[in-house]
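Q: A predicted structure for the sequence below; I have some questions about it.
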Amino acid sequence: MSKYGLISILLWAMVVGGFAQEKERWAALRSRYLGLKSLAGSFTETVESESGAEPIVFKGRFVFQLPHRFRLEVSEPTRQVIVGNDSVVWFYFPDEQRAVLQTQRQPVPLLGFIEPLLDTSAEVFEEREGVLVVRGGRGGFFEELKLELDKTGRRIEAFSFVDEWGNYRRFVLSNQRWNPSVSPKSFRFVPPKGTTIEYQ
């Protein structure tokens, strides 16, 4: 065998080996998230528009309970509370004494990484070490989702995507608490007296 033939075989072995490791890392990540029942922590969301305007940064806390209950408390740049499930979502703006009730199911960007992660039909590849790209799948809200993993490769620290309006959005999840005990009251919202309610 010529040295060029040997090099080709070695390169092919490296490609196949790398693909196998990629599949193993994805399987390990999925296995960990299959055991996720609830998650709480802090988030920072950066939104960049196609127009090139100054990015908008949102900060706050979140808690969700699978399969579909969630609560977000945004502290910056303006206060708001978002509480809901798979059929009803409340948006509450305390400084305006205004609440919006949305009864049609809409994507919740902060939770958008969960469905593709658990979807066995999704296509996954490793963009670079610690960064996975998820495409397609049956239940995802986005065409392509980028997952940034921690050093162990078994926890998502950040994720990003381009939404339906062409905005680039990146979420960083910090102070994560896995499977905390969450009171059902966290996912209920009763508009305070004097709140103006809008319906969508």
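A: Good, I have the coordinates.

Q: Next secondary structure after the helix or strand hosting Val124?
A: Assigned by DSSP states H and E, Val124 belongs to strand 123-128. Toward the C-terminal end, the helix or strand that comes next after strand 123-128 (DSSP H and E) is strand 131-135.

Q: what's next to the strand holding Val124, contact-wise?
A: For strand 123-128, the surrounding residues in contact (CB atoms under 8 Å, 6 or more residues apart in numbering) are Glu22, Arg25, Trp26, Leu132, Val133, Val134, Arg135, Gly136, Gly137, Lys146. (Each C-beta comes from the backbone N, C-alpha and C, glycine too.)

Q: ok, now stretch 75-94?
A: Where contact means CB under 8 Å, 6+ apart, the residues beyond stretch 75-94 that reach it are 56-61, 67-74, 95, 98-103, 105-106, 108, 186-189, 191-192, 195.

Q: got the contact list for Tyr199?
A: If a contact means CB under 8 Å, 6+ apart, then Tyr199 has Val100, Leu101, Thr103 as its contacts.

Q: related to what we said a few turns ago, among the contacts of stretch 75-94, which ones are in helices?
A: Using DSSP state H, no member of the contacts of stretch 75-94 sits in helices.

Q: Restricted to strands, list those residues.
A: Using DSSP state E, 56-61, 69-74, 98-102 are the members of the contacts of stretch 75-94 that sit in strands.

Q: Show me how far the strand holding Val124 is from its chain's centre.
A: On the basis of CA atoms, centre = their mean, to the nearest Å, strand 123-128 is displaced by 16 Å from the centre of the chain it belongs to.

Q: quick check: angle from it to strand 131-135?
A: 150 degrees (axes from the mean of the first three to the mean of the last three CA atoms, to 10 degrees).

Q: Can you list the buried residues in strand 123-128?
A: Residues of strand 123-128 classed as buried: Val124, Glu126 (neighbour count, 16 or more other CB atoms under 10 Å).

Q: okay, how far is it across stretch 94-114, tip to tip?
A: By CA to CA, to the nearest Å, the extent of stretch 94-114 from end to end equals 29 Å.

Q: What residues of it count as buried?
A: Buried residues in stretch 94-114, counted by 16+ other CB under 10 Å: Ala99, Val100, Leu101, Gln102, Val108, Pro109, Leu110, Leu111, Gly112, Phe113, Ile114.

Q: and Asn85, how many residues sit next to it?
A: Number of residues near Asn85 (other CB atoms under 10 Å) recorded here: 15.

Q: got the contact list for the most centrally placed residue in the chain?
A: Taking CA atoms, centre = their mean, the centroid of the chain lies closest to Phe113, which sits 3.3 Å from it. By CB under 8 Å, 6+ apart, the contact list for Phe113 reads Leu145, Leu147, Ile156, Phe159, Phe171.
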